[in-house]
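Student: test case, fold it:
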Amino acid sequence: MFKSILNAFKVKDLRKKLLFIFWMLVVIRFGSNLPIPGVNSGYFGDLFNSMANNDAFGWFNTMTGGSFEQLSVFALSITPYITSSIIIQLLTVAIPALEDLQQDGEEGRKKLTEYTRYVTIGLALIESSAMAIGFGGNGLLIGYAQASTIRKIADIVIAIVTMTAGSALLMWIGEQITDKGVGNGISLVLLFNILSSIPNDFMTLYVRFIQGKKVATMVVSVIIIAAAICAMVVFTVVLQDAERRIPVQYSRRVQGRGLVGGQSSVIPLKVNTANVMPVIFASSIMTMPVVIGQILKVDYGTIPGKILMMLNSGSWCNPNAPIYSVGMIIYIVLLYFFAYFYTSISFNPLEVANNMKKQGGFIPGIRPGKPTSDYLDGILTYIIFIGATGLAIVAIIPIVVSGLFSVSRISFAGTSLIIIVGVVLETLKSIESQMVVRNYKGFLED
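Tutor: Presented below is the predicted three-dimensional model:
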């Protein structure tokens, strides 16, 4: 990895792109620590600390790089953009007009990107309004109780506009990184937000397992922690890169005055076909009732409160209350469900089989058309199960460790680790591909 980056810095064009990314990330960190005018920046931090098992907010705060807890200008980060992208992608399956745009080449993709921006601004307005109006009178806005009605409205509007503008600016920065930098800009912004929490995570591990222990215990703890982190990273890399290659043979056919075809190719089916999306969907469904319950101050001694405790990942794997771990089983079931669901809307075996048939391609030993579609569907069913199992392992291990050892959730583990590995691998491949293109250009110019 480091060798690829060092080689990229030797190339003038790539060096400019990498430096552009660096300065954009500096701007992001500056905005992540710039407070919103008239807002108590420690409000959510105090609120989370006062809540029992507040892991429901942990993942969202990690995605924002801690900006949400600090209530900075970038408090919403790019989460509205991620949500809007998911919504547009799902709607392309349900709405034929959007599906036509998706298949309409570059112009169609530009139109979908435009729709995604509009939905992003709408979601940012809704989320910021809910925060400013819902928590404004409870201590979020400074001097809210003593202020006049006009002043209250002005403070709410300032908070809404600032957070919405911050989210829109991050969306623009992500798009600029995509156009002028290397890799996917939105993914890099998300990656940098997660990485910004790593120093605090290592401090948490140090305080919990190393500080104040005997030298022998400290050494063993360091070895175990390092080995566990390395094992999880290696496992995630294998999960992200693993694929099943389906051989495809193309028949020779007459085109114009000559024969074309006759080549062999493959269809690469990723084992983790849905990437991190099943974890995001499952976490959102499990977290939403918990967040609403905590805002409404539901009594955890009642039956609804106990159900919310069961849905909260902070209550799982607790030896003193094993009944709440039933929620983890529900979570795993949702992971498998969304893995199959998301793959079904993003990969259509029948469409692939028909395209192969039109181009004179076939899988050796399988007849073109419907038999090929059934064959691909059967293989997908098998590898999706393997991929979902891998996702479940990566997502559950941090929860188990957190419950058994009473340590706060580590932000670079679980879902975040999948994102980190995926974005890093994607960016490195983009750098290497651009270096290959440059080498080819140099060869042709010579």
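
Student: CA atoms for contacts and neighbours, from now on please.
Tutor: Will do.

Student: and the strands in this structure?
Tutor: Residue ranges of the strands in the chain, as given by DSSP state E, are 243-250, 253-255, 258-260, 264-270, 361-362.

Student: quick one: which of those strands is nearest Ser167?
Tutor: Among the strands of the chain, the nearest to Ser167 by Cα to Cα is strand 264-270 (32.1 Å).

Student: within its sheet, name the partner strands of that closest one and how each one runs.
Tutor: strand 243-250 (antiparallel) (DSSP bridges).

Student: return the set of buried residues in the partner strand.
Tutor: Glu243, Val248, Gln249, Tyr250 (16 or more other Cα atoms under 10 Å).

Student: hang on, the earlier thing: select from the strands of the chain the stretch with the lowest mean pLDDT.
Tutor: When the strands of the chain are compared on mean pLDDT, strand 258-260 scores lowest, with a mean of 53.

Student: and the helix ranked longest in the chain, what does it pack against?
Tutor: Ranked by residue count under DSSP state H, the longest helix found in the chain is helix 370-405. Helices and strands touching helix 370-405, as assessed by 3 or more Cα pairs under 8 Å, 6 or more residues apart in numbering; DSSP states H and E, comprise helix 215-241, helix 326-346, helix 349-358, helix 415-445.

Student: which of those sits most buried?
Tutor: Most buried of these, by mean neighbour count (mean count of other Cα atoms under 10 Å): helix 326-346, with a mean of 18.

Student: possible to save the buried residues of strand 243-250 as CSV with distance to Ile36?
Tutor: Formatted as CSV, the buried residues of strand 243-250 follow (distance: Cα to Cα, whole Å):
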residue, distance to Ile36
Glu243, 46
Val248, 57
Gln249, 60
Tyr250, 60
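
Student: Val290 is in contact with Leu311, correct?
Tutor: Yes: contact criterion Cα atoms under 8 Å: Leu311 and Val290 qualify, at 6.9 Å.

Student: on that earlier part again, kindly reformat the helices and strands packed on helix 370-405 as TSV containing distance to Ser283 and mean pLDDT.
Tutor: Shown next, in TSV, are the helices and strands packed on helix 370-405 (distance: least, Cα to Cα, whole Å; pLDDT from 0 to 100):
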stretch	distance to Ser283	mean pLDDT
helix 215-241	19	86
helix 326-346	8	88
helix 349-358	28	83
helix 415-445	10	71
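
Student: those helices: which one's closest to Phe22?
Tutor: Proximity of the helices and strands packed on helix 370-405 to Phe22 was assessed by Cα to Cα; the nearest stretch is helix 415-445, lying at 13.8 Å.

Student: near Leu91, how many other residues are there?
Tutor: 14 (other Cα atoms under 10 Å).

Student: dump the residue contacts of it.
Tutor: By Cα atoms under 8 Å, 6 or more residues apart in numbering, Leu91 lies in contact with Leu98.

Student: measure it to Arg109 for me?
Tutor: Leu91 is 14 Å from Arg109, where distance means Cα to Cα, to the nearest Å.

Student: out of the helices and strands packed on helix 370-405, nearest to Tyr144?
Tutor: Of all the helices and strands packed on helix 370-405, helix 415-445 sits nearest to Tyr144, with 36.5 Å by Cα to Cα.

Student: follow-up on the earlier one: which positions within the longest helix of the chain qualify as buried?
Tutor: 372-373, 376-377, 380, 383-396, 398-403.

Student: what's stretch 213-224 in contact with?
Tutor: If you take Cα under 8 Å, 6+ apart as the criterion, stretch 213-224 is touched by Phe209, Ile210, Gln211.

Student: try it again with 10 Å
Tutor: Residues outside stretch 213-224 that contact it (Cα atoms under 10 Å, 6 or more residues apart in numbering): Leu205, Tyr206, Val207, Phe209, Ile210, Gln211, Gly212, Ala226, Ala227, Ala228, Ile229, Cys230.

Student: good, we can wrap up now.
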